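Student: Predicted model and sequence below, questions to follow.
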Amino acid sequence: MTANVVDRSNGRTVATASTVEHAIKDAFDWGRSCNAKAAAAIGEVLAMRLRTEGLGSGVHIDAGKEIENKGLVTCPMAWAIVNALKSRGVKIIVDDHHH
């Protein structure tokens, strides 16, 4: 699982986190219920990286687009990432143009 934060003005990836990174991968017993835990860890790592870059003041997410692109199965994981970002102090701006 990988999550990226992309600068909407220029398309550049400003932060990324993935379960293939050793620090994240080694933190989990990769059983059945790890998806939500892994997604939350990805969000926490992204939050730390965004703050390091001075970018924690606002992250936009288009919930409808995420569900459309990745399907309903990944929706809970996407929201786990968003909730972890929020709990780590990153301001989340939801752009849901579908509703």
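Tutor: It's in.
Student: Need the single longest helix in the chain, by residues.
Tutor: Secondary structure assigned by DSSP state H gives helix 34-52 as the longest helix of the chain.
Student: Which secondary structure element of the protein has the lowest mean pLDDT?
Tutor: Ranked by mean pLDDT, DSSP states H and E, the helix or strand of the chain with the weakest confidence is helix 63-70, at a mean of 66.
Student: Now do the phi/psi pair for the residue nearest in space to the middle of the chain.
Tutor: Residue closest to the average C-alpha location in the chain (C-alpha atoms, centre = their mean): Ile81, at 4.0 Å. Main-chain torsions, Ile81, degrees, to the nearest 10: phi -60, psi -50.
Student: is it true that it touches Lys37?
Tutor: No: at 11.6 Å, Ile81 does not count as touching Lys37 under the criterion of C-beta atoms under 8 Å. C-betas here are computed from N, CA, C, even on glycine.
Student: Next, find the distance separating the residue lying closest to Ser18 once chain neighbours are set aside from Gly89.
Tutor: If the residues on either side of it in the chain are set aside, Ser18 comes closest to Thr2, at 4.0 Å by C-beta to C-beta, 6 or more residues apart in numbering. To Gly89, Thr2 is 22 Å away according to C-beta to C-beta, to the nearest Å.
Student: Also Met1?
Tutor: Distance, Met1 to Gly89, by C-beta to C-beta: 22 Å.
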